[in-house]
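>>> Curious how this folds, go ahead:
(chains A, B, C and D)
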2 protein chains.
Amino acid sequence: MDAIDLNLVDLLRGNARLSYAELARQVGLSAPAVHERVGKLESGGVIRAYRAEVEPETIGLGVTALIGIVEDSGADTDDVLEAFRVMPEIESCYFMAGVESFLLKARVGTIAELEQLIVRLNRTPGVASTRTGIALSTKWENRPQSVAPPTA
Amino acid sequence: MDAIDLNLVDLLRGNARLSYAELARQVGLSAPAVHERVGKLESGGVIRAYRAEVEPETIGLGVTALIGIVEDSGADTDDVLEAFRVMPEIESCYFMAGVESFLLKARVGTIAELEQLIVRLNRTPGVASTRTGIALSTKWENRPQSVAPPTA
DNA sequence: ACAGTCCGTGGACGCCATCGACCTCAACCT
DNA sequence: AGGTTGAGGTCGATGGCGTCCACGGACTGT
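I've put the predicted structure just below:
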């Protein structure tokens, strides 16, 4: 994990579809060398996936909500997690310090679907209460912060 | 935006580095046809970017925080937004309904850096107060939910 | 000094991206 | 009805790219 690796990570966070040849030009190595480095970053768990970032409204997911979850005393946290995992609307799930054990980011098509999701969440065993906030607009999301040394 | 487009979006959300030839095989079209469709999805604002998803701890960003922002009465929301925008640690920024106008997701290397970020946030004009929750662990993040019709 | 290891380069080969020419079908106009 | 037009597809060609392999130079431990 040296400066070149950080550089590659930065480049791929900016544009995951760059060719190995282009990456090679940017970092000053040959294409096979870059190919091997990126392969190691992938298998070493640094690069988890490559995803297209989509404007959610355009695919019918216009409603974004952030939902805090308070657990029952004595709830089995793993069971609760598993219940959340099978709900595809829950795009992100953070285990938090504080009264609310989880913070979820959910994306649905309509307010009615959000209501149904909240009902389902309140019904799942181990969940004491939920507190949901609606995002009126997403200013930006998952902006990659540069991590490479300045003089690359 | 037909079923094939939704299918392509799904495939690219799952793996942004799929070749056009592979996409073509999956959706049953020729590679040039897929190339043109994806180009239109990009220029039409459906696909915003392609990003490598990185395990944050491996690049020195081990601390994740979610920060609610209450604005001063009479604050200029655009100015506040602009102040947030230049802080690279703020990876996501949602404009919310409720007392807290914004919810920010920030990622830093250490608790000390988080402290400095919170101080800076509290100092920015228009910000009345902040409330920050620390994520002890990220169970998952930006999981793409399938949006294509079932029998594709 | 020497062997082993790591990490790189260069060459080769088959697949892929991408362009242009052509085809098909449906909508629309006369 | 028939002709025209345009969107969106296929096919074929070509140049660049991904990827495998053999080889080479620098560091390390003995």
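>>> what does chain A put close to DNA strand D?
When proximity is defined by Cβ under 7 Å from any atom of the strand, chain A lies next to DNA strand D at A:Ser19, A:Tyr20, A:Ala21, A:Glu22, A:Ala31, A:Pro32, A:His35. Where you see a C-beta, it was placed from the backbone N, CA and C, and this is true even at glycine.
>>> ok, which pair from those residues is furthest apart?
A:Glu22 and A:Pro32 (14.2 Å; Cβ to Cβ).
>>> number of nearby residues for A:Ala33?
Neighbour count for A:Ala33, taken as other Cβ atoms under 10 Å in any protein chain shown: 15.
>>> State whether it is indeed within a helix.
Yes. Under DSSP: H, G, I helix; E, B strand; the rest coil, A:Ala33 sits within a helix.
>>> Skipping adjacent residues, who's closest to it in space?
Distances taken as Cβ to Cβ, 6 or more residues apart in numbering or on different chains place A:Ala24 nearest to A:Ala33, at 7.1 Å, with adjacent residues excluded.
>>> any idea which element that neighbour lies in?
Using DSSP states H and E, A:Ala24 sits within helix A:20-27.
>>> and that helix, what other elements does it pack with?
Under the contact criterion of 3 or more Cβ pairs under 8 Å, 6 or more residues apart in numbering or on different chains; DSSP states H and E, helix A:20-27 touches helix A:3-14, helix A:31-43.
>>> Indicate whether the last one makes contact with DNA strand C.
Yes. Between helix A:31-43 and DNA strand C, judged by Cβ under 7 Å from any atom of the strand, the touching residues are A:Pro32, A:Ala33, A:Glu36, A:Arg37.
>>> Show me how the record splits chain A into domains.
Domain assignment of chain A by automatic domain parsing yields the ranges A:3-43, A:56-135.
>>> Distance of the residue of chain A most remote from its centre relative to A:Leu23?
When distances to the mean C-alpha position of chain A are computed (Cα atoms, centre = their mean), the maximum falls on A:Ser30, with 31.7 Å. Distance, A:Ser30 to A:Leu23, using Cβ to Cβ, to the nearest Å: 11 Å.
>>> so where's chain A shaky on pLDDT?
In the predicted model of chain A, residues A:149-152 satisfy pLDDT under 70.
>>> re the thing from before, would you mind listing the buried residues in the helix holding A:Ala24?
Within helix A:20-27, the residues that count as buried by 16 or more other Cβ atoms under 10 Å in any protein chain shown are A:Tyr20, A:Leu23, A:Ala24, A:Val27.
>>> Is it correct that A:Glu91 is in contact with A:Arg107?
Yes. The pair A:Glu91 and A:Arg107 qualifies as a contact (Cβ atoms under 8 Å) at a distance of 5.4 Å.
>>> Now do the shared contacts for those two.
With contacts taken as Cβ atoms under 8 Å, 6 or more residues apart in numbering or on different chains, A:Glu91 and A:Arg107 have B:Gln145 as neighbours in common.
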